[in-house]
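Asker: Fold the following and give me the result.
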Amino acid sequence: MSQKISSIQAREILDSRGNPTVSVRVTGDGGAVGIASVPSGASTGTHEALELRDGDKKRYGGKGVLKAVAHVNDLLSKKLKGLDLSMPRRLDEAMLHVDGTENKSKLGANAILGVSLAAARAGAVADGQPLYAWLRSAYRLDNKDWHLPLPMMNILNGGAHADFALDMQETMVIPKQKLFAERVRAGSEVYHALGKILKQKGFATTVGDEGGYAPRLPSNEEAFRVVLDAIEAAGYEPGKEVALGADVAASEFYDAGKKSYMMKVDKRSLTGEEMVGLYDSWLRQYPIMLIEDGLAEDDWDNWQEMTRRLGKKLTLIGDDLFVTNVRRLEQGIQRSVANAILIKVNQIGT
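Answerer: As a prediction, this is how the structure comes out:
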């Protein structure tokens, strides 16, 4: 049964990296409660909505979110009281109207998103539905063919997730078993096999931001080699049972002035065209199923070339490229760039 918003409360909490973030509690007039905390990325695209931080260097190194919390408690809580939880689009539009900026810089995307997420959860509770089903109902989506996602496990960290031990940010394994539980099992077994192999080879098994190992390997390509060894050591057939994936996060090592990709681990710089050639050579050697952000976020011409050459061979995901922004996605479609998008609500703010 639909309920109206009776109260909205925000507070500052710490995320998994120990950095402040916004947590919001939305309560309906019938007692339904939704609580949500706002995620934040270590490496971010420059075109993302603004994540409002306090900037006070004496407190959490400037990363506090008390301003965003105040915007929720002092402004949004009053503006949104009485709105129907069953109408999330109207709720989001009301917050966007109050903010009035293109990138949500007045209130902060973290303030707006916290309310948006918590309200959606409260709405689902009010209607007695799981969130995934409620969202489709609330947005009047006809597709009911939902299923568990294909897990993509980041077991080797680099880039901004591991103090650039590797230029590539993530090396992933993608188990392909029929049952989800078996996919999780395969990922776990490969992960532990990788730890043993790294120790045998004399590499560190310390972990990065996202829990993957963060060794200082001699080259970026070596990441694929050791993970491939781990897949086999765990008793799986590479490609058929467990595939590889990579989040290159190329914007992190792109020099716009030189129009070059500065690969410090490999001790060389490559043009966009040479990066595409490098990926093509990797595809011939390793069972790579996807590459995310293989080129910089504004290197549109080379993204076109990469999609033309590799787009039928694997999934090319735009994360920093699209930043969950409809306008950038439309531009990508018009220019035939990438063939998949990564959706992150914190990039867009609702």
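Asker: and the helix ranked longest in the chain, what does it pack onto?
Answerer: Longest helix in the chain by number of residues (criterion: DSSP state H): helix 180-200. Other helices and strands packing on helix 180-200, by 3 or more CB pairs under 8 Å, 6 or more residues apart in numbering; DSSP states H and E, are strand 153-157, strand 170-175, helix 221-233, strand 242-247. Every residue, glycine included, has its C-beta placed from N, CA and C.
Asker: Sort out which residues of the strand or helix carrying Ala68 are buried, please.
Answerer: For Ala68, the host element (DSSP states H and E) is helix 66-70. Residues of helix 66-70 classed as buried: 66-69 (neighbour count, 16 or more other CB atoms under 10 Å).
Asker: quick one: low-confidence parts of this structure?
Answerer: For the chain, the stretches flagged by pLDDT under 70 are 43-44, 161-162.
Asker: Which residue, other than its chain neighbours, is closest to the residue sitting nearest the centre point of it?
Answerer: When the chain is reduced to its mean C-alpha position, the nearest residue by CA atoms, centre = their mean turns out to be Lys344, at 5.3 Å. Spatially, and ignoring its direct neighbours in sequence, Lys344 is nearest to Thr324 (5.4 Å; CB to CB, 6 or more residues apart in numbering).
Asker: Leu290 belongs to a strand?
Answerer: Yes - assessed with DSSP: H, G, I helix; E, B strand; the rest coil, Leu290 lies in a strand.
Asker: residues contacting it?
Answerer: 152, 172, 174, 245-246, 314-317, 340 (CB atoms under 8 Å, 6 or more residues apart in numbering).
Asker: of all those, which comes closest to Pro218?
Answerer: Closest approach between those and Pro218, by CB to CB: Ala246, at 17.2 Å.
Asker: Does that closest one touch Pro287 like I think?
Answerer: No - taking contacts as CB atoms under 8 Å, Ala246 lies outside contact range of Pro287: 11.9 Å.
Asker: neighbour count winner among these two?
Answerer: Just comparing Ala246 and Pro287: by other CB atoms under 10 Å the higher neighbour count belongs to Ala246, 28 against 19.
Asker: ok, what's across the strand from that one?
Answerer: Thr171, Ile291 (DSSP bridges).
Asker: Could you measure from it over to Ile155?
Answerer: To Ile155, Ala246 is 12 Å away according to CB to CB, to the nearest Å.
Asker: got it, and Glu241?
Answerer: 15 Å.
Asker: what does Ile174 give?
Answerer: 11 Å.
Asker: Who has more neighbours out of those two?
Answerer: Per other CB under 10 Å, whichever of Ile174 and Ile155 has more neighbours is Ile155, with 24 against 20.
Asker: Which residues are in contact with the more buried one?
Answerer: 171-173, 187, 190-191, 194, 212-213, 227, 230 are the contacts of Ile155 under CB under 8 Å, 6+ apart.
Asker: now, the most widely separated pair of those?
Answerer: The span of the contacts of Ile155, defined through CB to CB, is set by Gly187 and Tyr213 at 13.5 Å.
Asker: Of the contacts of Leu290, grab the buried ones for PyMOL.
Answerer: The buried residues among the contacts of Leu290 can be selected in PyMOL (16+ other CB under 10 Å) with this line:
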select buried, resi 152+172+174+245+246+314+315+316+317
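Asker: which among the contacts of Leu290 gets closest to Gly55?
Answerer: Using CB to CB, those come closest to Gly55 at Ile317, 32.4 Å.
Asker: Tell me which strands the strand or helix carrying the closest one pairs with, and in which orientation.
Answerer: For Ile317, the host element (DSSP H and E) is strand 315-318. Strand pairing for strand 315-318, determined by DSSP bridges: strand 288-292 (parallel), strand 340-341 (parallel).
Asker: Present those strands as a markdown table; the columns should include distance to Ser16.
Answerer: Below are these laid out as a markdown table (distance: least, CB to CB, whole Å):
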| stretch | distance to Ser16 |
| --- | --- |
| strand 288-292 | 20 |
| strand 340-341 | 24 |
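Asker: Buried deepest among these, which one?
Answerer: Of all the strands paired with strand 315-318, strand 288-292 carries the top mean neighbour count, a mean of 22, counting by mean count of other CB atoms under 10 Å.
Asker: what's the angle from that strand to helix 221-233?
Answerer: Orientation check (axes from the mean of the first three to the mean of the last three CA atoms, to 10 degrees): strand 288-292 against helix 221-233 gives 140 degrees.
Asker: after strand 288-292, next one along is what?
Answerer: helix 300-310.
Asker: which residues are in contact with that following helix?
Answerer: 271-273, 275-276, 279-280, 283, 291, 294-295, 316, 318, 321, 331-332, 335-339.
Asker: do the same with stretch 132-149
Answerer: 86-89, 120, 123-124, 127, 129, 180.
Asker: ranges for the strands of the protein?
Answerer: 5-14, 20-28, 33-37, 153-157, 170-175, 242-247, 254-255, 260-263, 268-270, 288-292, 315-318, 340-341 (DSSP state E).
Asker: out of those, nearest to Leu198?
Answerer: Closest among the strands of the chain, using CB to CB: strand 153-157, at 9.0 Å.
Asker: what's the spacing between the closest one and its chain's center?
Answerer: Computed by CA atoms, centre = their mean, to the nearest Å, the separation of strand 153-157 from the middle of its chain amounts to 13 Å.
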